[in-house]
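Engineer: next input, structure requested:
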Amino acid sequence: SQMVRSIRLYASPDSCVTDLISLRETLDTACALLVKEAEEHGVTLQRPTDMPHAWVQVDALQLTLVLQNVLRNAIQAMAHSPQRQLTMTWTSQGSIGVLRFVDTGPGFPADTEKFVMMPFAGDRSPGWGVGLSVARHILAAADGKLWFHNLPHGGACVELHLPFADEPSPVQLDP
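Structural biologist: As a prediction, the model looks like this:
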């Protein structure tokens, strides 16, 4: 519990330095860090091809860790699935960017929601069961949200909702 409190303190709005970052570039970075693991597990990663930069104001490292956690959870969840595909899609809902991760695994256990905010509730090794809780906390610090649900045809869907920030102004050089 103390470890989770420390992680949450680290991820609090007062302690993190936010930057204007491209959600697309951050997703690309997270995917690049896990592409080998996906290949080793026979998982195909399908990223959005039409995703704009989608500028967001958030701690870049923390968002990368959230994306890695979501990706890794999906990769591990599909370990025994005959089809192993993780499809990422992008949509814009007004001033909110929505990044969806849909896998072909077994889906979430029926009682997952009640355990999300409880540390050490995971049943997979070597994880500690803090991923969704900390991810939700990090996104909340950036005025974002994390949603997850099972799909009717099987598999799971995780959605990250983050508000857009203004695009950076182009740098003008003096002649």
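Engineer: what's whichever strand or helix holds Lys36 packed up against?
Structural biologist: According to DSSP states H and E, Lys36 maps onto helix 23-40. Identification of packing neighbours for helix 23-40 by 3 or more CB pairs under 8 Å, 6 or more residues apart in numbering; DSSP states H and E yields strand 44-46, helix 60-77, strand 96-103. (C-beta placed from N, C-alpha, C; glycine too.)
Engineer: worst mean pLDDT among these?
Structural biologist: Ranked by mean pLDDT, the helices and strands packed on helix 23-40 end with helix 60-77 at the bottom, a mean of 92.
Engineer: list the contacts of it.
Structural biologist: Residues external to helix 60-77 that are found in contact with it (CB atoms under 8 Å, 6 or more residues apart in numbering): 11, 16, 19, 21, 23, 26-27, 29-31, 33-34, 37-38, 41, 43, 45, 56, 86, 101, 103, 105-106, 124, 131-132, 134-135, 138-139, 141-142, 146, 156, 158, 160.
Engineer: try 6 Å this time
Structural biologist: By CB atoms under 6 Å, 6 or more residues apart in numbering, the residues outside helix 60-77 that reach it are 11, 19, 21, 26-27, 29-30, 34, 38, 41, 43, 86, 101, 103, 105, 131, 135, 138, 158.
Engineer: no more questions from me, cheers.
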